[in-house]
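Visitor: below is the sequence, then the predicted model.
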Amino acid sequence: MEGNYYMIHDYLIFIGVFAIFLFLTVSIYLFSQNQKLKQRNTKLSETNKLIEQRLNEVRLEHIGTKLNPHLFKNILNSVQSHAYQTYMSLDKLANVLDYILYESNNKYVSPKEELNFALSLIEINKIKINPLFDFRIKSRINKSDALYEEKVFAPLISVDLIENAFKHTDFLAQDSFISIYMELENGIFTMKVSNKASLKNILEKEKSGFGSQSFDQRLKMIYSTYYQLERSSKNGIFTAELKINLGEFYDKMRYSG
């Protein structure tokens, strides 16, 4: 009996040790497989990010090829239709064309460069309006802002709001106006454009035109969650306000790049 007891005892110990060994072996195997799966998922995630990034780049390139000729056409039409005033805007025209030809091919430009371009573009568009027209432009640019000369601004991002204001303003209305406000303070860029417009024309343009849709897509692809764009229309006055948190976007670029 005592011999059987020891045999059973040894057998149970063997079973226990084997069970522990089996448990450890299976645990190690599962852990190893889990790590491999995590590594595979990480690689897949990185690959997906690269693919998505490339797709965004292709989309942006596609948008850019449409944007530049469209912008060229509008600018030249403004100048050619008022040839007698062209000599007054030659320097502005040169600045704008140089910017479109050379700087717009860069991924980013500085706020300083984009703002200078925007002001020149506004001056060119003003050629086609009556000198007595109620045109208001105001800028509050902190040139000592840390990002004023940093490459954080997508080139030509200011075009859409400016072009739409001039294109859709009812210049014959008695109380017609265009108001453009630009600000750079504490790393935040703000651009607010208001104009007296035909709501019908605006809605038709947004439904069928290329400009607004591509502008929204471009903002989303470049600035993701670091921007806000609000549009409103009330009593025939159309307002668009764009805010870009260049400070947070710059931090993201530095830490991810």
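Guide: Yep, that arrived. All of these numbers come straight from a predicted model, not from anything done at the bench.
Visitor: which ones are touching residue 245?
Guide: The contact partners of residue 245, by C-beta atoms under 8 Å, 6 or more residues apart in numbering, come to 187, 188, 226, 227. For the C-beta atoms, the positions are set from N, CA and C on the backbone; glycine is no exception.
Visitor: highest neighbour count among the residues you listed?
Guide: Highest neighbour count within the contacts of residue 245, by other C-beta atoms under 10 Å: residue 187, with 21 neighbours.
Visitor: look up phi and psi at the closest residue to it other than its chain neighbours.
Guide: Of all residues not flanking residue 187 in the chain, residue 247 sits nearest, at 2.6 Å (C-beta to C-beta, 6 or more residues apart in numbering). The phi/psi pair for residue 247 (degrees, to the nearest 10) reads phi -60, psi -50.
Visitor: would you agree residue 247 is in contact with residue 185?
Guide: No: counting by C-beta atoms under 8 Å, residue 247 stays clear of residue 185, with 10.3 Å between them.
Visitor: show me which of these two is the more surrounded one.
Guide: Taking neighbours as other C-beta under 10 Å, residue 247 and residue 185 compare with residue 247 leading, 18 against 11.
Visitor: mind listing what the more buried one touches?
Guide: Residue 247 neighbours (C-beta under 8 Å, 6+ apart): 146, 147, 186, 187, 188.
Visitor: any idea how far the closest residue to the last one other than its chain neighbours is from residue 190?
Guide: The shortest distance from residue 188 to any non-neighbouring residue, by C-beta to C-beta, 6+ apart, is to residue 245 (5.6 Å). In this view, residue 245 and residue 190 are 10 Å apart by C-beta to C-beta, to the nearest Å.
Visitor: do residue 146 as well
Guide: Distance, residue 146 to residue 190, by C-beta to C-beta: 17 Å.
Visitor: and these two? Which one has more around it.
Guide: A count of neighbours by other C-beta under 10 Å puts residue 190 above the other of residue 146 and residue 190, at 15 against 12.
Visitor: assess the claim that the more buried one and residue 180 are in contact.
Guide: No: the pair residue 190 and residue 180 fails to qualify as a contact (C-beta under 8 Å) at a distance of 11.4 Å.
Visitor: what's the closest of the contacts of residue 247 to residue 169?
Guide: Of all those, the one with the least separation from residue 169 (C-beta to C-beta) is residue 188, at 27.2 Å.
Visitor: now do the same contact list for the closest one.
Guide: By C-beta under 8 Å, 6+ apart, the contact list for residue 188 reads 243, 244, 245, 246, 247.
Visitor: kindly reformat those residues as a markdown table containing secondary structure and distance to residue 109.
Guide: What follows is those, written out as a markdown table (DSSP: H, G, I helix; E, B strand; the rest coil; distance: C-beta to C-beta, whole Å):
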| residue | secondary structure | distance to residue 109 |
| --- | --- | --- |
| 243 | strand | 18 |
| 244 | strand | 13 |
| 245 | strand | 17 |
| 246 | helix | 12 |
| 247 | helix | 17 |
